[in-house]
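Asks: Based on what follows, work out the 3D shape:
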Amino acid sequence: MKEEKKRSGFRRFLTALFTVILVLILAICTLMYIIPAFETVKIKTVDGSADWMSKLPDEKLLSETVIPGTHDSASKYADLAFFSKCQALTIKEQLEAGYRYLDVRLAVDGEGMKLMHGFTACRTGGFPFSNVLKLDDVLADCYSFLDSHPTETVIFAVKQEHDDETVAEFQRILSTFIERDENRWFLTGAVPTVGEARGKLVLLRRYGDEAGLGAKSGVGFNWRDQGGRDDISQSSEQNACEGFTLFVQDRYKYDSAEKWNAFIEATRAAKTSPADISLNFLSTNGSPAYGHPFKYARELNSMLTSVNPQLSGWIPVDFADAKIAEFIYSQNFS
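Replies: Residues are numbered from 1 along each chain as shown. Got it, this is the predicted structure:
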């Protein structure tokens, strides 16, 4: 009788444990995959958005052009999506919607490269076991877009997301991809004109030229991390690059009101040369240790289109849609 009670109690314990584990799994799946699947954008295309740069004069510098961009561009299908998903459009859809600045986070994967957001992998689909998104996939979409829209350009801003390899090794592997279609790239260190950039990817590197690639290393484009919030009055900072000054506002730990104030203040940063670049992120992760980008993007993107500020420079956003891209690039023609 005692043995039977022990067995019965053990079975109840296992049943309860199984139930708790199942509930936890369902809760995690709901938080990380089901809820983010519904965090999307409504407008994917606007007439003319795929070819808006055709209206720009060839002699205009890209630095003088108001350019819509995306932050963590490859993160539509990122793992742990509640915390890591920053976009609802694929890179192909972003380009068609009018975005021309891509924030590309890469990690070495053998002799290949994969797209990452922090420690989370970016994938080709919304299921946990979808294939990891590779650089080959992204370049294929960029090349295809430029073949169909030769008046446009893709500003390809690369960050080494992990430091498992040296910068020199990271550069070496990236260069193997570029060399396959080198004629498609603008690689020199100067900021190009619109005419020079048409039909090409413009490589911006957020790392040093440790491999000594020189004129084939791309535009040096790095800035100090702006993750703190000790002083929430901070907006843009100046960073000396070779041949130009980079003005960056990337306060990614600010909450919505603080971020908006920094964004507006950064639009007033005075450039001293036409080649200087103003990079003003509207994206933020907020003050929590692990934020929810969709929450902040919904608030900030709404403020952008309702307040209707005068914009300048390059403006990366989270949860980008075609109407926001149109709002930004239309500043060139107003």
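Asks: Okay, now the unreliable bits of this protein?
Replies: Low-confidence segments of the chain, defined by pLDDT under 70: 1-10, 14, 17-32.
Asks: at 80 what do you get?
Replies: In the predicted model of the chain, residues 1-33, 127-128, 270 satisfy pLDDT under 80.
Asks: What segments of it are helices?
Replies: Shown for the chain, the helices assigned by DSSP state H span residues 2-29, 35-37, 81-84, 91-97, 135-148, 167-180, 194-197, 256-266, 293-307, 322-329.
Asks: can you list these in a markdown table and add distance to I155 and mean neighbour count?
Replies: C-beta coordinates here come from the backbone N, C-alpha and C atoms, glycine included. Below are the helices of the chain laid out as a markdown table (distance: least, CB to CB, whole Å; neighbours: other CB atoms under 10 Å):
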| stretch | distance to I155 | mean neighbour count |
| --- | --- | --- |
| helix 2-29 | 36 | 10 |
| helix 35-37 | 27 | 17 |
| helix 81-84 | 23 | 22 |
| helix 91-97 | 11 | 23 |
| helix 135-148 | 11 | 16 |
| helix 167-180 | 15 | 17 |
| helix 194-197 | 8 | 18 |
| helix 256-266 | 18 | 19 |
| helix 293-307 | 20 | 17 |
| helix 322-329 | 13 | 24 |
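Asks: Using CSV, lay out the ones you listed together with distance to A275.
Replies: Output for these, formatted as CSV (distance: least, CB to CB, whole Å):
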stretch, distance to A275
helix 2-29, 48
helix 35-37, 39
helix 81-84, 34
helix 91-97, 25
helix 135-148, 24
helix 167-180, 23
helix 194-197, 13
helix 256-266, 18
helix 293-307, 26
helix 322-329, 20
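Asks: can you tell which of those helices is closest to K216?
Replies: helix 167-180 (7.4 Å; CB to CB).
Asks: can you tell me which residues contact the closest residue to L56 other than its chain neighbours?
Replies: In space, and not counting its chain neighbours, L56 is closest to V194: 4.8 Å by CB to CB, 6 or more residues apart in numbering. Counting by CB atoms under 8 Å, 6 or more residues apart in numbering, V194 touches M53, L56, P57, D58, E59, K60, L61, L62, T65, T153.
Asks: Mind doing that once more with 10 Å?
Replies: Shown in contact with V194 (CB atoms under 10 Å, 6 or more residues apart in numbering): 53-54, 56-62, 64-65, 151-153.
Asks: what's the answer for A211, then?
Replies: T166, V167, A168, E169, F170, Q171, R172, I173, L174, S175, S217.
Asks: Please render these as a markdown table that adds distance to L311 to the earlier fields.
Replies: As requested, those are exported to a markdown table (distance: CB to CB, whole Å):
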| residue | distance to L311 |
| --- | --- |
| T166 | 38 |
| V167 | 33 |
| A168 | 38 |
| E169 | 38 |
| F170 | 33 |
| Q171 | 33 |
| R172 | 38 |
| I173 | 36 |
| L174 | 31 |
| S175 | 34 |
| S217 | 30 |
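Asks: Pull up the pairing partners for the longest strand anywhere in the chain, direction included.
Replies: Selection of the longest strand in the chain by residue count, based on DSSP state E, yields strand 101-109. Note on strand 101-109: by DSSP bridges, its sheet partners are strand 67-70 (parallel), strand 112-117 (antiparallel), strand 154-160 (parallel).
Asks: for the ones you listed, which one ends up most surrounded?
Replies: Mean neighbour count, computed with mean count of other CB atoms under 10 Å, is highest for strand 67-70 among those, reaching a mean of 27.
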